[in-house]
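Chemist: model this:
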Amino acid sequence: MPGALLVLDRHYTSLRSYDPRQPSLYATRCRQKVLIRFLSYENGLLILRPWQLKYPIITIEIHNEVSPSDYILGRVVLVVNPIE
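Modeler: Numbers count the residues shown, from 1 in each chain. Reported below is the predicted structural model:
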């Protein structure tokens, strides 16, 4: 939700799942913005999947000199939504 507070683990920039029973949500650099997405890496592409299907899937081409971790700001460990 707009106005939500996120707590990030800035040291966790690996695509390896923290808890294999559920996908990890990440803060990610994308075109001079920070996006909160589920990530996967396939065939040289970092794939950013949204929580809601109304938002598009975004792909970032990863070149040989760059690691997918270079785009990850941290794993989201807590989301606090405001009370309306």
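Chemist: residue nearest the centroid of this protein?
Modeler: Centroid check for the chain by Cα atoms, centre = their mean gives Y26 as the closest residue, at 2.8 Å.
Chemist: Spit out the contact partners of that residue.
Modeler: The contact partners of Y26, by Cβ atoms under 8 Å, 6 or more residues apart in numbering, come to 36-39, 72-76. (Glycine included, C-beta is placed from N, CA and C.)
Chemist: out of the residues you listed, which are inside strands?
Modeler: Among those, the members found in strands (DSSP state E) are 36-39, 72-76.
Chemist: Show the buried residues in those.
Modeler: Using 16 or more other Cβ atoms under 10 Å as the burial test, the ones in strands among the contacts of Y26 include 36-39, 72, 74-76 as buried.
Chemist: Name whatever forms a beta bridge with the residue nearest to the centre of the chain.
Modeler: On the basis of DSSP bridges, Y26 takes part in beta bridges with R37, R75.
Chemist: what's the spacing between the residue located most distally from the centre of the chain and L78?
Modeler: Distance from the centre of the chain peaks at E84, with 26.1 Å (Cα atoms, centre = their mean). From E84 across to L78, the span is 19 Å (Cβ to Cβ, to the nearest Å).
Chemist: do R29 as well
Modeler: From R29 to L78 the distance is 21 Å (Cβ to Cβ).
Chemist: wait, which of the buried ones among the ones in strands among the contacts of Y26 is closest to M1?
Modeler: For these, the residue nearest M1 by Cβ to Cβ is I36; the value is 11.3 Å.
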